[in-house]
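Colleague: Using only what follows, build the 3D model:
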Amino acid sequence: MRLQALLLPFLPLALLACASHAADIAVVGLFPGKAVLVIDGGAPKTFAVGSMVATDVILLAADESAATIAIGNRKQTIAIGQHVNRSSPVGPTSVVLQANGQGHFMVQGQINGGTIQMLVDTGATMIAFSEADAQRLGINYKAGQLARVNTANGSVPVYRVKLDTVKVGSIELNQVDAVVQQAGLPFALLGMSFLNRMEMRRDGEKMTLTKRF
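Modeller: Predicted structure coming up:
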């Protein structure tokens, strides 16, 4: 099997200022079975699944999309370019996103426990994704309310649904409004039904989302 890797060579410097204020674990590279992590702003180190990353922190899983760590009795899934604060007793409430080459903020999130690629879109009223994604995630969207929304391609039919959970990095929200669109969405939109519960701060190619409520 061909080994694939994702690396962000300049990200540790970008995260250094954040890490200096709290105990931080950042993901800067991902391989099947391994993750390249920055601990408390130090030099990047490669850890294999099962390794003790830091005191009371173990790397449980890693693939090309995310790493899962255990912090004491808590599990956290972190995508590349994101970080968590391991010292928080109630779990971290902020994630840091890195812009891609087009200046967009894409994130590997979770809806109802299933993974999904989402684009941060402040112009979208609600989270939106395709029927194909809804079927893959096991969402009975046809039980939702049928409506129409205006898009760049005109008015399109959608189903309004309520999502049990939406997770981005270490931030998880419950009972989030969303729409399922029949066609025309190559990836999901992380809209304002999620983002309006965040404090959003952008610094160059980096965006920090902090949960407000």
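
Colleague: Tell me how far Val176 lies from Asp63.
Modeller: Remark: distance between Val176 and Asp63 (CB to CB, to the nearest Å) = 25 Å. (Each C-beta comes from the backbone N, C-alpha and C, glycine too.)

Colleague: more neighbours, these two?
Modeller: It is Val176, of Val176 and Asp63, that has more neighbours when counted by other CB atoms under 10 Å, with 19 against 15.

Colleague: give the contact list for that one.
Modeller: Applying CB atoms under 8 Å, 6 or more residues apart in numbering to Val176 gives the contacts 127, 162-163, 165-166, 193-194.

Colleague: okay, the closest residue in space to Leu209 that isn't next to it in sequence: pLDDT?
Modeller: Using CB to CB, 6 or more residues apart in numbering and skipping the chain neighbours, the partner closest in space to Leu209 is Met198 (4.6 Å). What the model reports as pLDDT for Met198 is 92.

Colleague: do Ser88 as well
Modeller: At Ser88, the pLDDT recorded in the model is 49.

Colleague: cool, the one 4 residues further on as well?
Modeller: What the model reports for Pro92 is a pLDDT of 48.

Colleague: longest strand in the protein, by residue count?
Modeller: strand 154-168 (DSSP state E).

Colleague: Show me what that strand is packed up against.
Modeller: Under the contact criterion of 3 or more CB pairs under 8 Å, 6 or more residues apart in numbering; DSSP states H and E, strand 154-168 touches strand 106-111, strand 127-130, strand 145-151, strand 171-181.

Colleague: and that strand, how far from the chain's centre?
Modeller: Centroid separation for strand 154-168 versus its chain: 17 Å, with CA atoms, centre = their mean, to the nearest Å.

Colleague: Report the angle between it and strand 145-151.
Modeller: 100 degrees (axes from the mean of the first three to the mean of the last three CA atoms, to 10 degrees).

Colleague: Can you tell me the strand partners of strand 154-168 and which way each runs?
Modeller: strand 106-111 (antiparallel), strand 145-151 (antiparallel), strand 171-181 (antiparallel) (DSSP bridges).

Colleague: lowest-confidence stretch among the ones you listed?
Modeller: Looking at the strands paired with strand 154-168, the bottom one is strand 145-151 with a mean of 86.

Colleague: and that one, how far from the chain's centre?
Modeller: Worked out by CA atoms, centre = their mean, strand 145-151 lies 26 Å from the chain centre.

Colleague: Sweet, I'm off.
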